[in-house]
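Chemist: What would the 3D arrangement of this be:
(2 chains)
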Amino acid sequence: MQNKLYIYNTLSRKKELFEPINPPFVGMYVCGPTVYGDAHLGHARPAIAFDLVFRYLQHIGYKVRYVRNITDVGHLENDADEGEDKIAKKARLEQLEPMEVVQYYTDRFHTNMNQLNVKSPSIEPRASGHIIEQIEMAKKILDAGYAYETEGSVYFDVVKYNQSHNYGVLSGRVFEDLITTTRELEGQEEKQNPADFALWKKAQPEHIMRWTSPWSIGFPGWHLECSVMGTKYLGEQFDIHGGGMDLLFPHHESEIAQSVAANGKQPVKYWMHNNMITLNGKKMGKSLGNAVSLEDFFTGENKLLQQSYSPMTIRFFILQAHYRSTLDFSNEALQSAEKGLKKLLTAGHTLDKVVASDKSTSNIKELRDKCYEAMNDDFNSPVLISHLFEGVRIINSVKDKKETISAEDLEILKKTFHDFVFDILGLRDEETKGGNELADDLMKTILEIRQQARAKKDFATSDKIRDELVRINIIIKDTKDGSEWSIEE
RNA sequence: GGUACCGUGGCCGAGUGGUUAGGCGGAGGUCUGCAAAACCUUAGACAGCGGUUCGAAUCCGCUCGGUACCUCCA
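Modeler: Presented below is the predicted three-dimensional model:
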């Protein structure tokens, strides 16, 4: 690869040169959604952030296997009195089979992802499809002596592990604090230490989702699925593991401990964490009750929203911030993203009509290089976008004949624009184009009539045509080279 | 309390020891029958207080404010 890509590695808290374990292949695992409710804006962040990573790695020539799981089993809900499976609870409330709920929300998640133009991962494994492997891994950890069984449940022995390894490498947690700073919580008495975590949990009678294991009828512990599915599809050691910053501890820390205990190897070379989307400065989360679903954004049906926002507006809004920064949502911010996106995409169309000259007044090759530099610097999409807006300025200036561009540079600019706007940022044009020949022909005739009226200074007629067209969402723009039309939402 | 981190102009957001981020909005202008679009110019910032330095928004310390995690939610 001629591109020197630097990735911020949470493990070292530094930007590191990206060198895959087995080039040109790259293995990437990202924690996917728990499918017990509709996806909200908070879900869009990691999906889009790692879609960008996936797209860029492919663009610069890597063969990427991207695994993003669907979590559909066995986890407890914090507001439940007794430990109760999130999905099981939802199922009981709606009188549905748990897997019916899973299917429903998985489908809706996929629909949202398609709307956001998020590429499907290479493999999208479900936790419920890997119960056997999770039992196997728990056995391995037991055999290695890093876990113990109590009352049909299996717990990871964090204290034992930390004697020879560092439980806290990733999160920077101080081990002594972990085992001393504890709270009184229910269901802790089975554990030897409060910091220990479950590998297998015996099911209570009210649990609907349950599987047979050597220890009890129950369900796998919280962190095991990711360790298992990452290992199964990407190997004991793979390149990139991603997820939200909120998963750093204890989830990812525990994943490392499980993999090291079972396989004796550090599982991941580069850990990447995206930051949160905030609403009035607070993390947006379902459990916090301030989540706005993606569906709501697309339809505008939410008290917090002044209007609807298209999927591409949401995508552009997210890409305008660096993935490791918090991003504060507001109507004003989304509206400015909407306008900025339109400006960018319009320039893309203008580019097709631009005419080349003998030489260029702007340095197009430098612009292209800057775009790569931005992406190579830990996927800095906001800086990339600022360079693309420089491209927009050039395109419009050339169109207005205030600047010129050579034929060679024009090709470079077109390729750069196409590569970065569509392939890498994954934006797409949502505007309903005229498209069909009938509309084109009709508009051509109408515009000719209007032009004749204007030539005769019959502005009453020309304005009437324009105003009437506005009513059916057709916008006329008069330029020096004639009139243009487009269909707006 | 512990861990990680943040505080940038009206809004959203890059940057990070010396030089323009960018978008939206504002002001002025060019173009135009008008409108729109486009282009040009422009105003406005680095929470506060100290320190290091020839020079700090950028490094260090303190103060204030904020966020995430520390939960059998993954």
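
Chemist: ok, now which ones touch A:Lys365?
Modeler: Going by C-beta atoms under 8 Å, 6 or more residues apart in numbering, A:Lys365 touches A:Asp409, A:Ile412. (Each C-beta comes from the backbone N, C-alpha and C, glycine too.)

Chemist: what do you get for the one 3 residues further on?
Modeler: Applying C-beta under 8 Å, 6+ apart, we find A:Arg368 in contact with A:Ile412, A:Leu413, A:Thr416.

Chemist: Just the buried ones from those residues?
Modeler: A:Ile412, A:Leu413, A:Thr416 (16 or more other C-beta atoms under 10 Å).

Chemist: For the stretch 151-300 of chain A, which segments are assigned as helices?
Modeler: With DSSP state H, counting those that start in this stretch, the ranges of helices along the stretch 151-300 of chain A come out as A:158-164, A:175-180, A:224-234, A:253-263, A:294-299.

Chemist: mean pLDDT lowest for which of those?
Modeler: Note on the helices of the stretch 151-300 of chain A: lowest mean pLDDT is at helix A:175-180, with a mean of 78.

Chemist: Same list (the helices of the stretch 151-300 of chain A) but as CSV, adding mean neighbour count and distance to RNA strand B.
Modeler: Listed next are the helices of the stretch 151-300 of chain A as CSV, based on neighbours: other C-beta atoms under 10 Å; distance: least, C-beta to the nearest atom of the strand, whole Å:
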stretch, mean neighbour count, distance to RNA strand B
helix A:158-164, 17, 10
helix A:175-180, 14, 4
helix A:224-234, 24, 5
helix A:253-263, 25, 9
helix A:294-299, 20, 15
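
Chemist: number of nearby residues for whichever residue of the stretch 301-450 of chain A sits closest to RNA strand B?
Modeler: Nearest residue of the stretch 301-450 of chain A to RNA strand B: A:Gly340, at 2.4 Å (C-beta to the nearest atom of the strand). If you count neighbours by other C-beta atoms under 10 Å, A:Gly340 ends up with 17.

Chemist: can you check A:Glu373 too?
Modeler: 15.

Chemist: Just after the helix or strand harbouring it, pick out the following helix or strand.
Modeler: Assigned by DSSP states H and E, A:Glu373 belongs to helix A:364-376. Scanning forward in sequence from helix A:364-376 by DSSP H and E, the next helix or strand is helix A:381-399.

Chemist: In the stretch 301-450 of chain A, where is pLDDT below threshold?
Modeler: In the predicted model, the stretch 301-450 of chain A carries pLDDT under 70 at residues A:431-435.

Chemist: Just put the contacts of A:Arg368 in TSV and tack on secondary structure and distance to RNA strand B.
Modeler: Output for these, formatted as TSV (DSSP: H, G, I helix; E, B strand; the rest coil; distance: C-beta to the nearest atom of the strand, whole Å):
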residue	secondary structure	distance to RNA strand B
A:Ile412	helix	19
A:Leu413	helix	14
A:Thr416	helix	16
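
Chemist: separation between A:Phe297 and A:Pro23?
Modeler: 39 Å (C-beta to C-beta, to the nearest Å).

Chemist: Equivalent analysis for A:Tyr6, please.
Modeler: Counting by C-beta to C-beta - A:Tyr6 and A:Pro23 are separated by 16 Å.

Chemist: any low-confidence regions in the stretch 51-200 of chain A?
Modeler: For the stretch 51-200 of chain A (pLDDT under 70), the answer is A:74-85, A:92-95, A:181-188.

Chemist: I'd like to know which elements the host helix or strand of A:Pro46 is packed against.
Modeler: Using DSSP H and E, A:Pro46 falls within helix A:41-59. Helix A:41-59 makes packing contacts with strand A:25-30, strand A:63-68, helix A:98-115, strand A:238-244, strand A:268-274, strand A:277-279, helix A:294-299, helix A:311-319 when contacts are defined by 3 or more C-beta pairs under 8 Å, 6 or more residues apart in numbering; DSSP states H and E.

Chemist: That one to helix A:381-399, inter-axis angle?
Modeler: With axes from the mean of the first three to the mean of the last three C-alpha atoms, to 10 degrees as the basis, helix A:41-59 and helix A:381-399 are set at 70 degrees to each other.

Chemist: Show me what the biggest helix by length in chain A is packed up against.
Modeler: What stands out as the longest helix in chain A, according to DSSP state H, is helix A:331-353. Secondary-structure packing of helix A:331-353 (3+ C-beta pairs under 8 Å, 6+ apart): helix A:311-319, helix A:381-399, helix A:407-417.

Chemist: buried sites along that helix?
Modeler: Those would be A:Leu334, A:Ala337, A:Glu338, A:Gly340, A:Leu341, A:Lys342, A:Leu344, A:Leu345, A:Thr346, A:Ala347, A:Gly348, A:Leu351, for helix A:331-353 by 16+ other C-beta under 10 Å.

Chemist: Need the contact partners of that helix.
Modeler: Against helix A:331-353 from outside (C-beta under 8 Å, 6+ apart): A:304-307, A:309-310, A:312-314, A:316-317, A:320, A:385, A:388-389, A:391-392, A:395-396, A:399, A:413-414, A:417-418, A:421, A:427, A:429, A:431.

Chemist: For the helix holding A:Pro46, buried residues please.
Modeler: In helix A:41-59, counting by 16+ other C-beta under 10 Å, buried: A:41-58.
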